[in-house]
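Colleague: fold the following, please.
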Amino acid sequence: MSEPYDSRFTLPSVDDAPSTESGVILMGLDAERLLAGVGLARLADEPALVALAVDQARHDALDLGTDALVEAGIRRWRAVRPLIEAGPEMTAAGSLRREWEHATARVTATVTGLGPASVACLAACWLRRDDVNAFAEHGRAPEKGSGTHDVLSRVFAD
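Modeller: Reported below is the predicted structural model:
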């Protein structure tokens with residue numbers, strides 16, 4: 001008799017996009033790093049903003065420290081979160097990789113003008129929204145046992 005099959009640990013399909021595996025990695029980051037990624041992605045997705053940032057850095061007028069990136073990410077998250085929330089409801093996929101596909105589809109359908117880095121970071125924030133919202137509101141990670149759940153427990157709930 002074979003052992004029970006646990007779908008949480010399946011290898012990716014060869015047909016899955018590389019961005020899906022990047023998304024799985026992103027979902028493992030803590031809220032602070034995700035928000036810093038949102039802040040940096042906003043800059044890196046837009047060529048004009050990259051050119052402006054290089055010029056500002058050249059003149060020592062740009063702070064790319066973690067605190068500044070997190071603050072930029074929090075501002076961006078607060079601006080786009082209502083748009084993502086208003087997006088179409090999607091049923092739970094039961095697979096981490098399918099959840100990623102649903103989240104990226106929701107983000108691209110609701111927030112216009114995003115580059116691939118912003119889509120990825122915002123999709124990860126959406127899937128980890130309990131932790132990200134708590135961090136954005138309180139500036140710290142939620143306490144253990146605070147009622148927030150990681151994405152794995154949400155995807156694989158009984």
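Colleague: now the residue most central in space within the chain: how far from residue 83?
Modeller: The C-alpha lying nearest the average C-alpha coordinate of the chain belongs to residue 124 (Cα atoms, centre = their mean; 2.2 Å). Here residue 124 is placed at a distance of 16 Å from residue 83 (Cβ to Cβ, to the nearest Å). From N, CA and C alone the C-beta is placed, and that goes for glycine too.
Colleague: ok, residue 55 next?
Modeller: Relative to residue 83, residue 55 is positioned 30 Å away (Cβ to Cβ).
Colleague: now do residue 138
Modeller: Residue 138 sits 23 Å away from residue 83, going by Cβ to Cβ.
Colleague: of the two, who's got more company?
Modeller: In this comparison of residue 138 against residue 83, neighbours counted by other Cβ atoms under 10 Å, the higher total goes to residue 83 at 15 against 10.
Colleague: may I see the buried residues of stretch 18-32?
Modeller: For stretch 18-32, the buried set under the neighbour-count rule, 16 or more other Cβ atoms under 10 Å, comprises 19, 20, 23, 24, 26, 27, 29, 31, 32.
Colleague: where does the closest residue in space to the fifth one that isn't next to it in sequence land in three-state SS?
Modeller: With Cβ to Cβ, 6 or more residues apart in numbering as the criterion, residue 26 has its nearest non-adjacent residue at 3.9 Å, and that residue is residue 124. For residue 124, the reduced secondary structure class is helix; criterion used: DSSP: H, G, I helix; E, B strand; the rest coil.
Colleague: count of neighbours near the closest residue in space to residue 44 that isn't next to it in sequence?
Modeller: Nearest in space to residue 44, with sequence neighbours left out and distances taken as Cβ to Cβ, 6+ apart, is residue 117 at 5.4 Å. Summarising burial for residue 117: neighbours were counted as other Cβ under 10 Å, giving 17.
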